[in-house]
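*Asks:* Based on what follows, work out the 3D shape:
(2 chains)
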Amino acid sequence: MSAKVRDLISEAALAAVLAASGVTISPDEIGPVLRSLARIQDAAVSLRSPSFDDTDERFYRLLEDDGLGAKA
Amino acid sequence: MNDPTALTLRDATAAIAQRRLHAEALVEACLDRIERSQPTLNCFIRVTADAAREKARAADHAVKDGRSLGSLHGVPLAHKDMFYRAGEICTCGSKIRADFAPDHTATVLTRLDAAGAIELGRLNMAEFAMGPTGHNDHFGRCRNPWNPDYITGGSSSGSGAAVAAGLAFGALGSDTGGSVRLPAAACGIVGMKPTLGRVSRYGTMPLSHSLDCIGVLARNVGDCARLFSVIAGADAHDGMSSRRPAPDYERGLDEAASPGSLAGVTVGVPNRYYFDGIDPEVAELVAASRAVLEKRGAKIVDVAVGDHGAINDLSNAILWPEAAALHLPWLHERPQDYAKQSRARMLVGLGVPATLYAEAVRARATLLDELLRAAFSRCDLLHVPVLKRPVPTAAETDVGGGAAMQEVLGQIVANTRPFNYLGLPGLAVPIGFTRNGLPQAMQLVGRPFREDLLFRVGAAYEAAVGGPAARPKL
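*Replies:* Residues are numbered from 1 along each chain as shown, chains lettered A, B, ... in the order given. Got it, this is the predicted structure:
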């Protein structure tokens, strides 16, 4: 996946995003959220990027088609 | 009959049909166990005794009249309090929905009703199905019947504990990251998390629409298969449910009990992640369960899997934004009514960039395709532990929304959540006990829509080891 997503979030940006949601958040809640997001981003970076043509629909089709094709 | 609650679900229905047992007596026996266990286990949010008695009387009358109500005729069940029944309170384990009475009934409940099941009441659960331990700040912690100091697993905590304790013959649960398989494993019963789309979600509380699955918990594989046969299948009310016809999942289970029944079945053992850092005691039980399958004729092979640790983490990029979006109005208006842990987890969802969410959703096709090609081209199912360590105590996992939350909860769901992301079915089957006296389970993971094979392999294992373990004492 694109490493660029890593750059999308800094602590200040995150605080702004959370504030924009309208949910009241205390400063001590920002750190744990940031750590969780960093972990998610690390995971996204380490996994193979989906191809341009990969869509949500293909995932569901794969589930359905594989089920149909699996041997009994 | 001394204690009818000790029967299997399938034997109980046969006994009722043959007039050796009255549904009314069976319901009374369950209600008695519920009353005695509630102060210790806290499985129930609400007991609907009068309605259950009334249905039991109707079930007995039907037998007398020579009518069969269905494959669950007269069987007492209880369900996680997130399945809607028109006009009846459904709390979702929360303070926020303490007075919520939906105007429609879940398809899964309609199907269980039509098969003759009797509902005893509503079971404890994590608030809005958001926690994997069994803690609940509003209704109190649900406790493990093998030892109340230990967790039940969650979020279908009451479903696991009530079925294990013999308070009900089966229960519905939901599984978004392990919430059926974890309580099944921690309480020593069988739990099926189906393929995404196999079971209707109409009339059920949503948490994450891309990941939510409705499953069942029962004391043994055969009982679980019977319940699953009733609820599985297409539903016109749920546009996301698969139109594929559902088979009879009980078919072939009796034959599975014979020696050599697993000849031709190849069991894959992932070469990474699922056994990383596993507790030696758990590893020993899992290896022994694999040996049982091999002795029954299964071929065991190592299979390559990708970075499922990363998949586990990436699933949070879907789960929490979807949950946060659902809860946003209440996060605005009633933030004080959430438990700290639920709130802390949803805040993550507010911070996930939209592009990251979209990539995580799109990547599912790539990663599922990869697993099907690399692993399932060489085997029929995967065999992994549900938990990597012995069931922890409630105190060890009472982390609220604090700094340790992510690590502690992350360890519990590590081996279950990747299969929600990938949409694959998983069956938790008990495999013995660790030295702390708590159960452990293997997780059989199949190709899409191969729940039938998972039941067959689970039944073969159960038969080989002499059936499920004895029930915990009340």
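*Asks:* what's the neighbour count on B:G66?
*Replies:* 6 (other C-beta atoms under 10 Å in any protein chain shown). C-beta: built from backbone N, CA, C; applies to glycine.
*Asks:* in chain A, what secondary structure element scores lowest on mean pLDDT?
*Replies:* One helix or strand of chain A scores below all others by mean pLDDT, DSSP states H and E: helix A:56-69, with a mean of 83.
*Asks:* buried residues in it?
*Replies:* A:58-60, A:62-64, A:66-67 (16 or more other C-beta atoms under 10 Å in any protein chain shown).
*Asks:* B:I231 against B:D113, yeah?
*Replies:* No - shown here, B:I231 and B:D113 do not form a contact pair, counting by C-beta atoms under 8 Å, at 11.2 Å.
*Asks:* export the buried residues of helix A:56-69 to TSV and tack on distance to B:V163?
*Replies:* As requested, these are exported to TSV (distance: C-beta to C-beta, whole Å):
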residue	distance to B:V163
A:R58	37
A:F59	32
A:Y60	31
A:L62	33
A:L63	28
A:E64	31
A:D66	31
A:G67	28
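*Asks:* Closest one of those residues to chain B?
*Replies:* Distance to chain B across the buried residues of helix A:56-69 (C-beta to the nearest C-beta) is lowest for A:G67, with 3.2 Å.
*Asks:* which ones are touching B:G203?
*Replies:* B:G203 sits next to B:83-84, B:102, B:104-109, B:237 when contact means C-beta atoms under 8 Å, 6 or more residues apart in numbering or on different chains.
*Asks:* And the buried ones among those residues, selectable in PyMOL?
*Replies:* A single PyMOL command is used to select the members of those judged buried by 16+ other C-beta under 10 Å:
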select buried, chain B and resi 83+84+102+105+106+107+108+109
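*Asks:* May I ask which helix or strand encompasses the most centrally placed residue in chain A?
*Replies:* In chain A, the centroid-proximal residue (C-alpha atoms, centre = their mean) is A:I40; its distance is 6.1 Å. Using DSSP states H and E, A:I40 falls within helix A:30-46.
*Asks:* same deal with B:G432?
*Replies:* Going by DSSP H and E, B:G432 is in strand B:426-433.
*Asks:* what residue of chain B is the furthest out?
*Replies:* B:D65 (35.6 Å).
*Asks:* follow-up on the earlier one: what's the mean pLDDT across the helix holding A:I40?
*Replies:* Mean pLDDT, computed over helix A:30-46, is 90.
*Asks:* got it, and stretch B:272-291?
*Replies:* 97.
*Asks:* Can you get me the start-to-end distance on stretch B:90-110?
*Replies:* By C-alpha to C-alpha, to the nearest Å, the extent of stretch B:90-110 from end to end equals 16 Å.
*Asks:* Residues in contact with it: which ones?
*Replies:* Stretch B:90-110 is contacted from outside by B:45, B:79, B:81-89, B:119, B:122, B:124-129, B:136, B:138-139, B:155, B:172, B:199-200, B:202-205, B:214, B:231, B:235, B:237-238, B:330, B:334, B:337-338, using C-beta under 8 Å, 6+ apart.
*Asks:* how much space between the residue nearest to the centre of chain A and B:P321?
*Replies:* Distance, A:I40 to B:P321, using C-beta to C-beta, to the nearest Å: 10 Å.
*Asks:* what does A:S21 give?
*Replies:* When C-beta to C-beta is applied, the distance between A:S21 and B:P321 equals 11 Å.
*Asks:* Repeat that for B:L422.
*Replies:* With distances taken as C-beta to C-beta, B:L422 is found 19 Å from B:P321.
*Asks:* same deal with B:A469?
*Replies:* Distance, B:A469 to B:P321, by C-beta to C-beta: 40 Å.
*Asks:* between those two, which one's more packed in?
*Replies:* B:P321 (24 against 17).
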